[in-house]
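Enquirer: sequence and computational prediction follow.
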Amino acid sequence: MSLDKLRKKIDQLDAQLVKLLNERVSVALEIGKTKKEQGGEIYVPSREKAVFERISELNKGGSLPDKSARAIYREIMSAALALESNLRICYLGPPATFTHQAARSKFGASVEYHPAGSIADVFAAVENGNADYGVVPIENSTEGAVTHTFDQFTGTTLKICAEIYLPISLCLMASVSGEKVSRICSKQEALGQCRHWLNANMSGIEFDAVNSTTLAAEMASKSDCAAIASHFAAELYGLDILAENIQDVSGNTTRFLVIGAQCSEPTGDDKTSIYFGTKHKAGALHDALGALQANGINMSKIESRPSGDKVWEYVFFVDFEGHADNPNVKKALKEMEDHCAVLTVLGSYPKAG
Ligand SMILES: O=C(O)C(=O)C[C@]1(C(=O)O)C=C[C@@H](O)C=C1
């Protein structure tokens, strides 16, 4: 077939696609209205998971790669979210942080994004109703826990409603040439993730921890310091990339959480996050965790943090497979309560996969 004819065919298909997309949006608007009348959440992670899974299934055997089909549907649902309600997402800024990227990967390009100066400010924005959802980092596969985030959870009523895994590719960038770089700035976690590379390639240069990778990029755009940040940040601040993928461990990934007023509905493939403080009794932690094992629940993470109330007292953050509405999880939590001075469910949400 001639190029002209093939393009005509594409034009016809586009006409059908745009018509169908508008029909889909009209239905989403109806859903939005019904949800508002019934007081339901606009963003529904459980339904989005089901839509993505169905699209992957429908697309099986087609020429469109699964990744592309999902990216297209991310944006289709983003448009629906923005039209159903003017959805506002607050993330740990400034713009172009990895948290911004994580938020974009979850909510798409059509919703409103607001940067916050600290993790505490993200929580405050959602608590005060200045944002509908917040996105915060929780742990990195190389550096471990983002302790500021864990500590916020003991003083909030917000719930975790989704999780996001984002592969982290770190670059060294500057507005001056490599030999003129006087010091290297980045967020503490990013400096830690590149420690061996920096020692091997940048020895004798001062390293300074600043509030975010993009603050470092901004500083690099105005001085002779270099920054360790993302490609996204180099683009935003017009910096030259001096070296890329400098993180010490390949597969370096950060996990982020979406926080909102409610947790997500069960999907059959969920995770639950809790925190608890044990009673002052020998074996209390063992007994509390034993309740999970006794009910066949697979624990995926445990983290301890100082309680903030008394010195040398700790609270434990635990993630496990299952939803707080599942009968075995309900039973386990009930049994755990007997061994805990405090026990709070921080949220149940679809497992990211
Ligand atoms: O099904 C819904 O609840 C919708 O609002 C529709 C829709 C979609 O576009 O498919 C949009 C946003 C939600 O997060 C989930 C799904």
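Expert: It's in. Numbering: from 1, shown residues only.

Enquirer: quick one, strands of the stretch 251-353 of the chain?
Expert: For the stretch 251-353 of the chain, the strands defined by DSSP state E, counting those that start in this stretch cover 253-260, 270-278, 299-306, 314-321, 340-350.

Enquirer: write out the residues of the protein neighbouring the ligand.
Expert: With the criterion set to Cβ under 6 Å from any ligand atom, the chain comes near the ligand through 28, 31, 43-44, 47-48, 51, 77, 80-81, 84. Just so you know, the C-beta spots here come from the backbone N, C-alpha and C atoms, and that holds for glycine as well.

Enquirer: same list (the residues you listed) but as CSV, adding neighbour count, distance to residue 198 and pLDDT.
Expert: Compiled in CSV, the residues of the chain next to the ligand are given as follows (neighbours: other Cβ atoms under 10 Å; distance: Cβ to Cβ, whole Å; pLDDT from 0 to 100):
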residue, neighbour count, distance to residue 198, pLDDT
28, 18, 48, 95
31, 16, 50, 95
43, 23, 39, 95
44, 18, 43, 96
47, 16, 44, 96
48, 21, 39, 97
51, 16, 43, 97
77, 21, 40, 97
80, 23, 44, 96
81, 23, 40, 95
84, 19, 46, 92
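
Enquirer: farthest pair in these?
Expert: 51 and 84 (14.2 Å; Cβ to Cβ).

Enquirer: hang on, the earlier thing: which among the residues of the chain next to the ligand gets closest to residue 141?
Expert: Using Cβ to Cβ, those come closest to residue 141 at residue 48, 24.4 Å.

Enquirer: ok, and the closest non-adjacent residue to the residue in the chain that the ligand sits nearest to?
Expert: The nearest approach of the chain to the ligand comes at residue 80, 3.4 Å away (Cβ to the nearest ligand atom). Using Cβ to Cβ, 6 or more residues apart in numbering and skipping residues adjacent in sequence, the residue nearest residue 80 is residue 28, 3.7 Å away.

Enquirer: going by residue numbers, what spans are strands in the stretch 1-150 of the chain?
Expert: 88-92, 112-116, 133-140, 144-145.

Enquirer: how about the helices in the chain?
Expert: Taking DSSP state H as the criterion, the chain contains helices spanning 3-38, 45-59, 66-84, 98-107, 119-127, 147-153, 188-193, 195-201, 213-222, 231-236, 284-294, 327-337.

Enquirer: now stretch 228-242: how far from the chain's centre is it?
Expert: Mean C-alpha position of stretch 228-242 versus that of the full chain (Cα atoms, centre = their mean, to the nearest Å) differs by 21 Å.

Enquirer: which other residues reach that stretch?
Expert: Contact partners of stretch 228-242, identified using Cβ atoms under 8 Å, 6 or more residues apart in numbering, comprise 95-98, 100-101, 168-175, 178, 181, 184-186, 190-191, 194, 213-214, 216-218, 220-221, 226-227, 244, 246.

Enquirer: just stretch 195-207 next, same as before
Expert: Stretch 195-207 is contacted by residues 172, 181-186, 191, 243, 246-248 when judged by Cβ under 8 Å, 6+ apart.

Enquirer: okay, and which of these map to strands?
Expert: In strands, defined here by DSSP state E, the members of the contacts of stretch 195-207 are 172, 183-186, 243.

Enquirer: right, and residue 319 touches residue 271 too?
Expert: Yes. Between residue 319 and residue 271 there is a contact under Cβ atoms under 8 Å: 5.7 Å.

Enquirer: which neighbours do the two have in common?
Expert: With Cβ under 8 Å, 6+ apart as the test, residue 319 and residue 271 both reach residue 300.

Enquirer: what's the pLDDT at the residue nearest the centre of the chain?
Expert: Nearest to the geometric centre of the chain sits residue 256, at 2.8 Å (Cα atoms, centre = their mean). Model confidence at residue 256, given as pLDDT, is 98.

Enquirer: that one pairs with what?
Expert: On the basis of DSSP bridges, residue 256 is bridged to residue 137, residue 164.

Enquirer: surely it touches residue 139?
Expert: No. Counting by Cβ under 8 Å, residue 256 does not reach residue 139; the two are 9.1 Å apart.

Enquirer: so what pLDDT did residue 97 get?
Expert: What the model reports as pLDDT for residue 97 is 87.

Enquirer: how does the protein divide up, domain by domain?
Expert: 3-84, 88-168+253-260, 171-243, 270-350 (automatic domain parsing).

Enquirer: how many residues are close by residue 21?
Expert: 13 (other Cβ atoms under 10 Å).

Enquirer: for residue 305, see how far away it is.
Expert: With distances taken as Cβ to Cβ, to the nearest Å, residue 21 is found 46 Å from residue 305.

Enquirer: what does residue 190 give?
Expert: Residue 190 is 22 Å from residue 305, where distance means Cβ to Cβ.

Enquirer: for the two, indicate the residue with more neighbours.
Expert: Comparing residue 190 with residue 305 by other Cβ under 10 Å, the one with more neighbours is residue 190, at 28 against 16.

Enquirer: so the more buried one makes contact with residue 213?
Expert: Yes. The criterion here is Cβ under 8 Å, and residue 190 meets it with residue 213 at 5.4 Å.

Enquirer: among the ones in strands among the contacts of stretch 195-207, who's most crowded?
Expert: residue 186 leads the ones in strands among the contacts of stretch 195-207 on contacts (other Cβ under 10 Å) with 30 neighbours.

Enquirer: does that one touch residue 227 like I think?
Expert: Yes. Using Cβ under 8 Å, residue 186 is in contact with residue 227, at 6.0 Å.

Enquirer: one step back: could you dump the helices of the chain to a markdown table with distance to residue 312?
Expert: Output for the helices of the chain, formatted as a markdown table (distance: least, Cβ to Cβ, whole Å):
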| stretch | distance to residue 312 |
| --- | --- |
| helix 3-38 | 47 |
| helix 45-59 | 38 |
| helix 66-84 | 45 |
| helix 98-107 | 32 |
| helix 119-127 | 24 |
| helix 147-153 | 16 |
| helix 188-193 | 25 |
| helix 195-201 | 30 |
| helix 213-222 | 34 |
| helix 231-236 | 40 |
| helix 284-294 | 14 |
| helix 327-337 | 22 |
